[in-house]
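# Just the structure for this:
(chains A, B and C)
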Amino acid sequence: MCMGLVSSLVRLVLSPQFFGPIVFPGLVTVLAVLLSIIWVERKIAARVQMRVGPLYILRPLGGAIQMLADGLRFFFQEFIVPETVDRVPFLLAPVVAMSFAMLPFAFVPLAPNFKPYTVPYSMPAFLGLNTVIPLTVLAMAWGSNNKFSIQGGIREAYMTIAYEAVLFISAYSMALLYHTLDFAEMVEAQKVPGILLNPISALVFFIAMIMSAGKLPFDIVEGEQEIVAGPFTEYSGIAFGLTMGIGYVQLYGFTLAFTLMYLSGWEPLVAPLYSIYPALGGILLFVKAYLLLVFIVFLRAVYGRYRLDQALRIGWRTLFPLAIVSVFLSIALGVIGVV
Amino acid sequence: MSSSVMEARLLEKEGDEEVYEVFIGPQHPASGHMRLIVRLEGDVIVGVDPDIGWVHRTMEKLAESKEALKAIPLLERMTIIDSQNVTIGYVRALEKLLGVEPPPRARYLRTLLSEINRIASHLYGMGLAGIFVNHSTMFMWCFGDREVWIQLAEELTGARLTHSYSVPGGVRRDLPQGFKEKALKAIRYMEKRLDEYHRIFFDNPQVRARYEGVGVLKPHEARRLGVVGPNLRASGVRYDARLLGDYGVYDELEFEIPVREEGDAMSRLLLRGDEIRQSMNIIRQVLDKIPEGPILAEKYLRLIPPKLREPALKEGRIKFPGIFANLKLPKGEAVARAEMGHGEIFYHVTSDGSKKPYRVRVVTPSFRNVILFRYLPPGHRFMDLPAIYGSLDYFPPEADR
Amino acid sequence: MFRGKVRRHVEAIATGLKYLVKPNRITVYYPEEAIVLSERYRGMIHYDWDKCISCGLCAMICPADAMKMYRKKGEKKARPGINYQRCIFCGYCVDICPTNALSFTRVHDVAFEKLDEMLYPPEKFTSEWRSPAEERGARRLRVVFDEERGLKHVPEQ
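Numbers count the residues shown, from 1 in each chain, chains lettered A, B, ... in the order given. Okay, here's the model as predicted:
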């Protein structure tokens, strides 16, 4: 009876519905990526900037678990809730934001027959769940009852309008190209990586991705030099850790989507690992997404911040026409029958 | 009452729903030691009120209570990043009162340190311009490269920032061995780095979009407001206190005063790069042309007993004559100007014949540039305020004295 | 114009990548390494008891009022003591001392635990200074100017 319980537990954990969203590339991997990518960002920035970066925590590893130490410190810090805030949005919004940042991982397939949810529309579901996050940021900004936060919230609203449409259009142009809305079928359809088929769409999705996650050169929402920390000003302790992490989790999700749509996902499949356990066969998906993440994080050392209206101008005057062009390009390629 | 005090005050007054105030206060990641009261209409700035005085250290009053020579380290701390240029004005005013002239070699050495400090000060300003648009690489690179020049200054004077190098009559230390080769290596390194700054910062389209066309200062406005330093020269007005011939050896050297016409934030930053190049040019000429000779005026040098004087001069230092401990300033007034990295500094020393000056009046360049915070931002967007702040190279401790 | 912008974006990213691949770190891993300061560095001050003639010039010229003359009861001569809380290491006292009784050492990284420790009456003033990092076995580095890297820290030969 005991063996039966253990074996059913193991079967539950190894099932795609559990393994995908919770273990890999879901919750556990997301937390691992979050801990490591911030350290990587600081070390990369330090390398470019003539200095060393975090070093002393676990010195032989070069300070690799610095973020673990920071995270632990957040748990011990006092979470101050000011008296003048609107408590419900203030307290709930970061939690909702992080949850909705983690939900899309339920739609990411890992290997040919390893999908958490077998739905024919995983791509729109993935992108759609990510669009809830700007609403929670607005709730944070409004609930904080602070002029700087409201400024940050307004900037978030503007930026959302700039990049959301562009993100969706460029993603749908790939859907048009592959004749499917499902991530797994998109990977199957890529004999040639999508970035070579429709480079315009790749470029547009890349820039819109950076805008969405709020990374330099588009970290306007939390512009430290003008509005302290924007919507996240009043948060301290563990809530600060949450709000800091939302952008990275979103970015990680988007890099997975980018890899699936443009960089032929998990191809070439690592056959020996696939035979052990299907999810491990798709390890290349994770590797490619992580490398892309490292590149985006490297851009921090090269760029400063755009002004709000300049970012909006880029979104509407440059990216929007390019997105339309990419749709037409996809239609043309589809008619020719490339894919 | 308590709830209305706690409410965020969004409205200036009744009926003024369009305009709201933001305090970029002293407790802010990017305000420096000052407060800016910004009035915004949507995203457009309609008024900025600079609120300065948070770092007021009563330096003018303290200088009245100290003997003349003792005020040199005090006044140096107004702008510690540029310490030679801050004190040279005061020392020149004292020299005019005392009636003593420094020997030629001392004047060359003063010019050398002035230019080294000017490069360090401009790198500081460029670093600030980087961080105000969150370009952390420019910030770290400028401050890292500043280490090279601070190391040169340390080898010359013995301290990294607090040089206290000039005294009335000359300078305190001579050139150490091998200084010229080190300085030339530093110059060659800096020229390479300036090209890299261009590639990653000045020519970066994103930085150009932030700084070009922002905060345009017209020449007649610059003259009317009394702006000094690179902010003035970037608007097309060719004024530099080094040309007045009051200190240093600038009339014996060949160099240009860079002037730019556009008057926007980008030209202010590029002008600082040009000035760094000119300063390196001046350093090369100084090291080539420096004459041999004493580094303290004969009037004070002969007061030191020879047994003490010769070994010290051989080592490259001087000893103070005992009279420096109670130097009596003759009755009178003296005025001196110097050109700091931030602009022109002006000293007016009045003495009534005792050891302590009766009044030391100092007008610092940042104090004269503060007015730009009021006149440049209105009409721009809120995110242009850090760009304007970064381009002005405003140094609050110097403005507040 | 568009192509010029793209080229400049690419140049900026290429410059960043160049330094990512070959960094130019100038960090000194203090306290495992310590810089040997230059010859004429203005560090902590050393007082030679025998050379001092009690002229008091150092106390007269100190801009920060850090040097004071201490006279023991019944003694004719006073001797200088220093208050390191106030000392700004300007070097006026060293420069004015007519017998070179005061001199600079090349130690700068001393830490005091209590405020009283920073008061140095004349007897204590004569003590030798040792850098705490070097006492713990720090590797000594010299600063060398270099055309490619600006400053290099090389081990002292």
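
# Check the chain for its longest helix and report it.
No chain specified, so I'll use chain A. helix A:147-178 (DSSP state H).

# um, chain C though
helix C:2-21.

# following that helix, which helix or strand comes up?
For helix C:2-21, the following helix or strand on the C-terminal side (DSSP states H and E) is strand C:33-35.

# which secondary structure elements does that next one contact?
Applying 3 or more CB pairs under 8 Å, 6 or more residues apart in numbering or on different chains; DSSP states H and E, we find strand C:33-35 packed against strand C:139-146. (Each C-beta comes from the backbone N, C-alpha and C, glycine too.)

# can you tell me if the strand it packs on touches chain A.
No. Contact of strand C:139-146 with chain A (CB under 8 Å from any CB of the partner chain) is absent, the minimum separation being 13.4 Å.

# For that strand, which outside residues touch it?
For strand C:139-146, contacts defined as CB atoms under 8 Å, 6 or more residues apart in numbering or on different chains pick out B:148, B:151, B:181-182, B:185-186, B:189, C:28, C:32-36, C:38, C:134, C:151-156.

# got it, and stretch C:43-52?
Residues outside stretch C:43-52 that contact it (CB under 8 Å, 6+ apart) are C:37, C:79-80, C:82, C:84, C:87, C:89, C:93-94, C:99-108, C:110, C:122, C:125-126, C:128-129.

# before we move on, what about stretch A:103-122?
A:16-17, A:19-21, A:24-27, A:30, A:123, A:125-127, A:129-130, A:180-184, A:187-188, A:253, A:256-257, A:260, A:265-266, A:269, A:274, A:278-279, A:281-282, A:285.

# got the residues of the stretch 151-300 of chain B near chain A?
So the stretch 151-300 of chain B meets chain A at B:Ile200, B:Asn204, B:Gln206, B:Val207, B:Ala209, B:Arg210 (CB under 8 Å from any CB).

# What's the local residue count around B:His135?
28 (other CB atoms under 10 Å in any protein chain shown).

# Next one: it from B:Glu64, what distance?
Using CB to CB, to the nearest Å, B:His135 is found at 43 Å from B:Glu64.

# so B:Leu109 is in which element?
helix B:104-132.

# Wondering if that helix reaches chain C at all.
No. Helix B:104-132 is not in contact with chain C by CB under 8 Å from any CB; minimum separation 11.8 Å.

# distance between that helix and the chain's centre?
Here helix B:104-132 is found 8 Å from its chain centre; the criterion is CA atoms, centre = their mean, to the nearest Å.

# what stretches of the stretch 101-250 of chain A score poorly on pLDDT?
The model of the stretch 101-250 of chain A has pLDDT under 70 over residues A:223-225.

# Can you name the residue of it nearest to chain C?
A:Pro217 (10.1 Å; CB to the nearest CB).

# Let me know the secondary structure of that residue.
coil (DSSP: H, G, I helix; E, B strand; the rest coil).

# show me the contacts for the closest residue to it other than its chain neighbours.
The shortest distance from A:Pro217 to any non-neighbouring residue, by CB to CB, 6 or more residues apart in numbering or on different chains, is to A:Tyr303 (3.8 Å). Applying CB under 8 Å, 6+ apart, we find A:Tyr303 in contact with A:Leu216, A:Pro217, B:His135, B:Asn204, B:Gln206, C:Ala12.

# Could you do B:Ala183 as well?
B:Leu152, B:Ile283, B:Leu287.

# which residues sit against the longest helix of chain C?
A:44, A:47-49, A:298-299, A:301-303, B:137, B:196, B:199-200, B:203-205.

# Was I right to think B:Ala336 contacts B:Tyr347?
Yes. Checked against CB atoms under 8 Å, the pair B:Ala336 and B:Tyr347 is within contact range at 4.9 Å.

# Please enumerate the shared neighbours of these two.
Common contacts of B:Ala336 and B:Tyr347, defined by CB under 8 Å, 6+ apart, comprise B:Gly89, B:Tyr90, B:Arg92, B:Ala93.

# Just the element for A:Val88, please.
A:Val88 belongs to helix A:87-102, assigned by DSSP H and E.

# helices or strands up against that helix?
helix A:122-130, helix A:132-143, helix A:238-262.

# Could you dump the contacts of B:Ala183 into CSV and include neighbour count and pLDDT?
Formatted as CSV, these follow (neighbours: other CB atoms under 10 Å in any protein chain shown; pLDDT from 0 to 100):
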residue, neighbour count, pLDDT
B:Leu152, 23, 90
B:Ile283, 25, 92
B:Leu287, 17, 91
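
# Sort out which one of these lies nearest chain A for me.
B:Leu152 (17.8 Å).
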